[in-house]
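> Just the structure for this:
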Amino acid sequence: VLNYNPDTAQWTGLLAGKDITSMIDRVKADRLAGGLAKIQVQDWVPDRTAAVAALAAPGITVTIDLGVPGDTSAPLKQRTLRFAPTQPGAETAIYYGQLDGGPDVFYISRESLRELLAPVFKKTP
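This is a model prediction of the structure:
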């Protein structure tokens, strides 16, 4: 879990209940947030039949809680991105993606997905 405080521009985090704040590279975490804000899809899936089946058990799920800047008392709005390979059980060049289980399903390349979800940890010496 990564948390961002816009008042202090600081990231905090937990991994399996352990505080990992000191391990977070701020630039990498900022890049993750920026990438999620402007995700670029390859194309839209014309026939969703196989995509919906694949996304029923996604390989990657990203949940984002969005608040109102400057208003910490405002309720959070949760968004969920799900990704699944286009071939079951394989690491494929193209993945299916879907926002909030909505009707639109998109394609995203494996490389774009890897860049988007790159680790946010500092390099260890």
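
> does the closest residue to residue 2 other than its chain neighbours count as helix, strand or coil?
Leaving aside its chain neighbours, residue 2 sits nearest to residue 13 (4.8 Å; criterion: CB to CB, 6 or more residues apart in numbering). C-beta: built from backbone N, CA, C; applies to glycine. Secondary structure, DSSP: H, G, I helix; E, B strand; the rest coil: residue 13 is strand.

> ok, now which ones touch residue 13?
1, 2, 3, 19, 20, 21, 23, 24, 120 (CB atoms under 8 Å, 6 or more residues apart in numbering).

> what's around the closest residue to residue 93 other than its chain neighbours, how many residues?
Excluding the flanking residues, the one nearest residue 93 by CB to CB, 6+ apart is residue 110, at 5.3 Å. Per other CB atoms under 10 Å, the neighbour tally for residue 110 reads 15.

> Do I have it right that residue 52 meets residue 105?
Yes. Here residue 52 lies in contact with residue 105, judged by CB atoms under 8 Å, at a distance of 7.0 Å.

> Those two: which has the busier surroundings?
residue 105 (22 against 16).

> Going by residue numbers, what spans are helices in the protein?
Assigned by DSSP state H, the chain shows helices spanning 26-37, 49-55, 110-116.

> Take the ones you listed and write them to JSON lines, including mean pLDDT and distance to residue 67.
Conversion of the helices of the chain to JSON lines gives the following (pLDDT from 0 to 100; distance: least, CB to CB, whole Å):
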{"stretch": "helix 26-37", "mean pLDDT": "92", "distance to residue 67": "13"}
{"stretch": "helix 49-55", "mean pLDDT": "95", "distance to residue 67": "27"}
{"stretch": "helix 110-116", "mean pLDDT": "92", "distance to residue 67": "21"}
